[in-house]
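Visitor: what's the 3D shape of this:
(chains A, B and C)
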Amino acid sequence: MSAGGNALTRSAPWRGTAWAMGKLGISGRMLVIAIPMLWLLVFFLAPFFVLGRISLAEAIIARPPYTPLFERGPDGTLTIIASLENYRFLLTDALYRNAYLSSIRIALVSTIFALLIGYPIAYYIARAPEPKRSILLLMVILPFWTSFLLRVYAWMGFLRNNGVINNTLISLGIIDSPIQMMQTDFAVYIGIVYTYLPFMILPLYANLTKLDGALLEAAGDLGASPVVTFFTVTLPLSLPGIVAGCMLVFIPAIGEYVIPALLGGPNTLMIGRVLWDEFFSSRDWPVAAAVAIVMLVLVVAPIMWLQSVQNRRGDG
Amino acid sequence: MRGWFLPMAVVLGFVFLYAPIVSLVVFSFNESRLVTVWGGFSTRWYGELLRDRQILGSAWISLQVAFASATIATVIGTLGAFVLVRMGRFAGRLLLTGMITAPLVMPEVITGLSLLLLFISMELTLGWPAGRGLTTIIIAHTTFCAAFVAVIAQSRLRSMDESLEEAARDLGAGPVRVFFDITLPVITPALVSGWLLAFTLSLDDLVIASFVSGPGASTLPMVIFSKVRLGVSPDVNALATIIIGFVLVAVAIAGWLMRKQMSKGL
Amino acid sequence: MAKAAVAAETRPWRDPRAQPFISVQGITKRFGDFTAVSSVDLEIFRGELFCLLGESGCGKSTLLRMLAGFEQPTEGRILIDDADMSAVPPDRRPTNMMFQSYALFPHMSVEKNVAYGLLREGMKKAQAYARAGEMLKMVKLEKLASRKPDQLSGGQRQRVALARALVKQPKLLLLDEPLGALDKKLREETQFELIRIQESLGITFIVVTHDQDEAMTLATRIGVMKDGGISQIGEPQEIYERPNSRFVADFIGSVNLFEGKVDAAAPDFIRIQTPELGAVLVPVQQGLARGQQVWAAVRPERFALSRQKPQGAQNAWQGVVEEMGYIGHMTQYRIRLENGRLIRASQSNRLRDEDPISWDDHVWISVSPQAIRVLDE
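Guide: Below is the predicted model:
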């Protein structure tokens, strides 16, 4: 080490260190930012570019099973081969349009049922005295910690023609022949409501516990019946909880694959399932990629936009 | 909402939540192969399950994947949350905010397909990852689990008194030291629950794993799915019962630990 | 002669040749469009207990955080013991801070909290814990050394925070509302405790507070802050007796302000013509020009009340008692003058008065010229 360096360090002990710290601090800071940033750039953002690029290719029987984006001509020039053929196919074939619409319909119906079932439970838990409240809350969360797939499977045993429900009804003499419940849209609704019910109850519960009991007493004191109080005070005040719960059910429901695959019938069209079949059964990667891109634009983008609007309103 | 309506709605709601699970458990002890027709008590399906090399192997793979991806996701999610909450302005902040929360609303089929296509393109151009298997599943699970960890860590960091970190700086600790001495211990409970959530999500995932796994790397949900697709099967009931028992024990231990912690604090 | 020397030693700010220990030079801090602190100059001397006093949002905490190094000034610089602090991060500064929230590390015992700073200096563990123990003895907490912060009362936490900030013997201790979280009674006891500790260690303190009583009790000098700037710096008595503006006069204690114009100079007095009181006589004062707009400021306790017209009073007016509040050691009055102006006056109850002045009494209210402060802003 040079004498000059020593003198500098000696004259102001912190100065040399501060300089080094500053150097290190800056690069350290960049390193800390870079780790999550790079991971997400490579494994979250980049895949969408690959997806977009393959959605512009054509399916061929090869490895990989799609045409390259660039082609080197005999004179050495690069030409871009991109076709919007897949997208035109999606637009013209009614299957895809129906699948999109039916996904939205199924998700919407399921969300409404989840709300109707979840609201009374959330309300009851929020109003329950303390030891009971924690136990009930735990009972709502508990199924979530067991396997999702196995919970859907449980309903297969329930809804089959020789399943628990039909067997019980027949042995009680209520019906003579089994009711067809499996492989219907009804089974898909049940599966979605069942799987995502905790996601509806928890935000509702969080909202309803914050509701001041004095407000209900005040409404009663001013002459409102319990039913009127519920519709004029409780329900409007719990609207943020309702919105949050509905989003948490609707968003995952719309891209659902497992539930329609296990409980739904051949006519239960959902876009997640169409994408899966296009990829695994038809092996048409470019069309699957195009389905994913359209799903991203039509479904995910509006949801993300809605959420960011909501967040901004929440901040203000 | 008084009188009989509310309690009845709640009872029916809980029946709805638990009846399928209870029947799952009950029929796992059924002698008959017909899952829903009672043929006497038996534990034969448990024995069959324990002899099923495919299920045992895939369970081991799932546990490895879940452990690795929960751990990496906790590191990445925590770093991401720390960067967003504590590091002020920097270039790309908005991009990072979007990328870290977007996986939460991304349909699994899209995440799975796009990651698979990425892995294939990377293999073609870079030669890595060679084929698909454990590594690619871990990467995929880490990416979507990191989002969940980041959400939990972010809310904990926001509620943490920033003057704790300033006090440590003030007492002579450098930025790295402050992170390990103060920030990390204070947010550890949140990170533990983040890790547990990530572990559960990874164990549970079927769709993404189906896209990005390769031959010889089938996770437990993939094996179960291929079994139940063909119809109900009693050894799956046995497996479900074991998982439910495991979760109950884990919840009981967590509750006991929490109560012990609380009584120590008071 | 000896007395003057003592004065210069204990009040170095009165000595023009004294070297300041901390020098804040033209400090400005902006957050976007908002200016939190604007061109503040401040000199603080070794061993002082300096209070920054102001309402919330006046910039006092930002100034303190710049001294600690948590915020970088937009303009200007800070010198501590002649060393420029601009490039020095908080962990390298010879300052320590006691936080408003105390910021005790929740996962460490009291003892570990106090020893933390010493260990960061590279001190041996045994020695650090011994020093921490001494410090805890000084704040009378040695018996609670192994407790966690959430097992302590508010007052105990406050003392741990103080011990932790003092244990490194910083050149400068910064205290952000140190007594703000304590209840009134404990706060009064702790004030004197804080002064005792400060004097015994000889460390320079800068205290940020919004509580004027606290500032008056603790401080060697007070800097009154408003809108990011310092309105006045002075000893507590100086701030109270000779405020330099209507803002300071009104902020510290209570005051009656009468607007007027400088009218004429009598041999011993200056006459100020006010619309509300007519002519008011004030002592001769430098820098007042004829016709200049000024305010006559009178503290409530400086007024004398009497039923008869006081003999030889230069400033006396008649009015009616409209409100009174008996507090015990004193009584507060609101007196309506004939022209409608309401005046706040207070009288200390030194004697037990059998026939005190009360509601609707017609009274004379008078004030000596020396008790009036003339303000020009």
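Visitor: Next SSE downstream of the helix or strand hosting residue B:113?
Guide: Here residue B:113 sits within helix B:108-126, counting by DSSP states H and E. Moving toward the C-terminus from helix B:108-126, the next helix or strand (DSSP H and E) is helix B:134-159.
Visitor: which strands and helices sit next to the helix holding residue B:113?
Guide: Secondary-structure packing of helix B:108-126 (3 or more C-beta pairs under 8 Å, 6 or more residues apart in numbering or on different chains; DSSP states H and E): helix A:46-55, helix A:271-280, helix A:285-295, helix B:134-159, helix B:207-212. For the C-beta atoms, the positions are set from N, CA and C on the backbone; glycine is no exception.
Visitor: So which of these is nearest residue C:73?
Guide: Taking C-beta to C-beta, helix B:134-159 is the member of those nearest to residue C:73, at 26.9 Å.
Visitor: helix or strand right after that closest one?
Guide: Moving toward the C-terminus from helix B:134-159, the next element (DSSP H and E) is helix B:162-170.
Visitor: show me where the stretch 201-350 of chain C has strands.
Guide: C:204-209, C:221-226, C:229-234, C:256-265, C:269-274, C:278-283, C:293-298, C:304-306, C:315-326, C:330-337, C:342-348 (DSSP state E, counting those that start in this stretch).
Visitor: Check the ones you listed for me and report the most buried one.
Guide: Comparing the strands of the stretch 201-350 of chain C by mean neighbour count (mean count of other C-beta atoms under 10 Å in any protein chain shown), strand C:204-209 ranks first with a mean of 25.
Visitor: what's the model's confidence in it, averaged?
Guide: What strand C:204-209 shows for mean pLDDT is 96.
Visitor: Adjacent strands (with direction) for it?
Guide: Strand pairing for strand C:204-209, determined by DSSP bridges: strand C:49-53 (parallel), strand C:172-176 (parallel).
Visitor: Please identify the most buried of those strands.
Guide: Among the strands paired with strand C:204-209, ranked by average contacts under mean count of other C-beta under 10 Å, first place goes to strand C:49-53 (a mean of 26).
Visitor: What segments of chain C are helices?
Guide: C:2-10, C:60-68, C:110-120, C:125-138, C:154-166, C:184-201, C:212-218, C:236-241, C:246-251 (DSSP state H).
Visitor: just the helices in the stretch 151-300 of chain A please.
Guide: For the stretch 151-300 of chain A, helices defined by DSSP state H, counting those that start in this stretch occupy the ranges A:164-171, A:185-209, A:213-221, A:226-229, A:235-237, A:239-254, A:258-263, A:271-280, A:285-295.
Visitor: Point me to the residue sitting closest to the centre of chain C.
Guide: Geometric centre of chain C, nearest residue: residue C:215, 3.4 Å, by C-alpha atoms, centre = their mean.
Visitor: and the gap between it and residue C:57?
Guide: 17 Å (C-beta to C-beta, to the nearest Å).
Visitor: mind listing what the residue in the stretch 201-316 of chain A that chain B sits nearest to touches?
Guide: Relative to chain B, the nearest point of the stretch 201-316 of chain A is residue A:255 (2.4 Å; C-beta to the nearest C-beta). Neighbouring residues of residue A:255 by C-beta atoms under 8 Å, 6 or more residues apart in numbering or on different chains: A:103, A:271, A:272, A:295, A:299, B:107, B:108, B:109, B:110.
Visitor: Quick one: neighbours of the second one, just the number.
Guide: What that stands for is residue A:271. A count of nearby residues for residue A:271, using other C-beta atoms under 10 Å in any protein chain shown, gives 29.
Visitor: got the buried residues for stretch C:186-202?
Guide: Buried residues in stretch C:186-202, counting neighbours by 16 or more other C-beta atoms under 10 Å in any protein chain shown, are found at C:186, C:187, C:190, C:191, C:193, C:194, C:195, C:197, C:198.
Visitor: Can you tell me how far residue A:278 is from residue A:285?
Guide: From residue A:278 to residue A:285 the distance is 8 Å (C-beta to C-beta).
Visitor: got it, and residue C:225?
Guide: Taken as C-beta to C-beta, the span from residue C:225 to residue A:285 is 68 Å.
Visitor: next one: residue A:160
Guide: To residue A:285, residue A:160 is 35 Å away according to C-beta to C-beta.
Visitor: Residue C:258 now?
Guide: 89 Å.
Visitor: Go ahead and confirm residue A:67 touches residue A:57.
Guide: Yes. Applying C-beta atoms under 8 Å, one finds residue A:67 in contact with residue A:57, separated by 4.7 Å.
Visitor: okay, those two: which has more neighbours?
Guide: residue A:57 (22 against 17).
Visitor: now the residue in the stretch 201-350 of chain C that chain A sits nearest to, which residues is it bridged with?
Guide: For the stretch 201-350 of chain C, the residue closest to chain A is residue C:204, as judged by C-beta to the nearest C-beta, at 19.1 Å. According to DSSP bridges, the residues that bridge with residue C:204 are residue C:172.
Visitor: can you pull the pLDDT of residue 226?
Guide: With no chain named, the answer covers chain A. At residue A:226, pLDDT is 85.
Visitor: Let me rephrase: I mean chain C.
Guide: Value listed for residue C:226 in the pLDDT field: 94.
Visitor: repeat for residue C:240
Guide: For residue C:240, the model assigns a pLDDT of 94.
Visitor: wait, it sits on residue C:253?
Guide: Yes. Taking C-beta under 8 Å as the definition, residue C:240 is a contact partner of residue C:253 at 6.0 Å.
Visitor: Of these two, which one has the most company?
Guide: Comparing residue C:240 with residue C:253 by other C-beta under 10 Å, the one with more neighbours is residue C:240, at 19 against 16.
Visitor: quick one, what contacts that one?
Guide: With C-beta under 8 Å, 6+ apart, residue C:240 has these contacts: C:216, C:252, C:253.
Visitor: repeat for residue B:138
Guide: Counting by C-beta under 8 Å, 6+ apart, residue B:138 touches B:65, B:68, B:69, B:72.
Visitor: please redo it, this time with the cut-off set to 7 Å
Guide: Residues in contact with residue B:138 (C-beta atoms under 7 Å, 6 or more residues apart in numbering or on different chains) are B:65, B:68, B:69.
Visitor: so what's the first one closest to, chain neighbours aside?
Guide: Across the structure, with C-beta to C-beta, 6 or more residues apart in numbering or on different chains as the measure, the residue nearest residue B:65 apart from its sequence neighbours is residue B:137 (5.1 Å).
Visitor: The last one now?
Guide: Here the nearest residue to residue B:69 in space, its sequence neighbours aside, is residue B:141; by C-beta to C-beta, 6+ apart that works out to 3.6 Å.
Visitor: State the distance from that neighbour to residue B:115.
Guide: For residue B:141, the distance to residue B:115 - C-beta to C-beta - is 10 Å.
Visitor: List the buried residues in the helix or strand that contains residue B:68.
Guide: For residue B:68, the element it lies in under DSSP H and E is helix B:53-86. Residues of helix B:53-86 classed as buried: B:55, B:58-59, B:61-62, B:65-86 (neighbour count, 16+ other C-beta under 10 Å).
Visitor: now swap in stretch C:78-89 and tell me
Guide: C:78, C:79, C:80, C:85, C:88, C:89.
Visitor: And the pLDDT at the residue of the stretch 201-316 of chain A closest to chain B?
Guide: Model confidence at residue A:255, given as pLDDT, is 89.
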